[in-house]
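Visitor: I would like to see how this sequence folds:
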Amino acid sequence: MSLVMRVARKNDVEQMVELLKKGKLNVEGIEDHLDHFLVVEDSNSQRVVGTAGLEVLGDQYGLLRSLAVEPAFFNESVGWELLRVLLSLAGKKGLLEVYLLTRSSSFFQLCGFTEIDWEDIPGEVKSSTHFQQYTPSLSTAMVYKRPAKAQIEA
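Guide: Numbering: from 1, shown residues only. Below is the predicted model:
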């Protein structure tokens, strides 16, 4: 088995949607943000077995969305790599904070996200149509704050 991570393309959308529906995740608006979506592809079958995306909201915020990996291919390193690359992309875009909504927070806590009250989420993030699909009683809101440059000295 050989897995390859790459930027999503239009011809990946159907497989991405299928994968997200299996995980009961929101599929709305994927094509609007496709240039910030990644896929993990099984190079033997050319099948998308993982995906994750980032909505860029304004010039300081991002919303992580649609992180899903086919159960047969899931291991923590695949999910972690998708997340690591997206957080790196967010940093290169100068985003200060990346938010997410989840029903399972433990993986994301291990990756540096912390729970946050819905009231503390910036308006730009709340205005996302993806965000508006969720409710506080069914989802946990989390944030990853990029370390300040002063803290990252060589």
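Visitor: residues in contact with S2?
Guide: With CB atoms under 8 Å, 6 or more residues apart in numbering as the criterion, the residues that contact S2 are 42-44. C-beta here means a position set from N, CA and C on the backbone, and glycine is covered the same way.
Visitor: What residues sit buried inside the longest helix along the chain?
Guide: Longest helix in the chain by number of residues (criterion: DSSP state H): helix 76-92. By neighbour count, and taking 16 or more other CB atoms under 10 Å as the criterion, the buried residues in helix 76-92 are 78-79, 81-83, 86-87, 89-90.
Visitor: swap in stretch 34-51?
Guide: Applying a neighbour-count criterion of 16+ other CB under 10 Å, the buried positions in stretch 34-51 are 34, 36-42, 48-51.
Visitor: any low-confidence regions in this protein?
Guide: Residues of the chain meeting the criterion pLDDT under 70: 1, 75-76, 148-154.
Visitor: which stretches of it form helices?
Guide: Under the criterion DSSP H, helices of the chain are mapped to 13-22, 76-92, 106-110, 123-126.
Visitor: what's the second one packed up against?
Guide: Spelled out, it's helix 76-92. Applying 3 or more CB pairs under 8 Å, 6 or more residues apart in numbering; DSSP states H and E, one finds that helix 76-92 contacts strand 3-7, strand 37-42, strand 47-57, strand 61-69, strand 97-102, helix 106-110.
Visitor: out of the helices of the chain, which comes closest to Y61?
Guide: Comparison of those against Y61 by CB to CB identifies helix 123-126 as nearest, at 5.2 Å.
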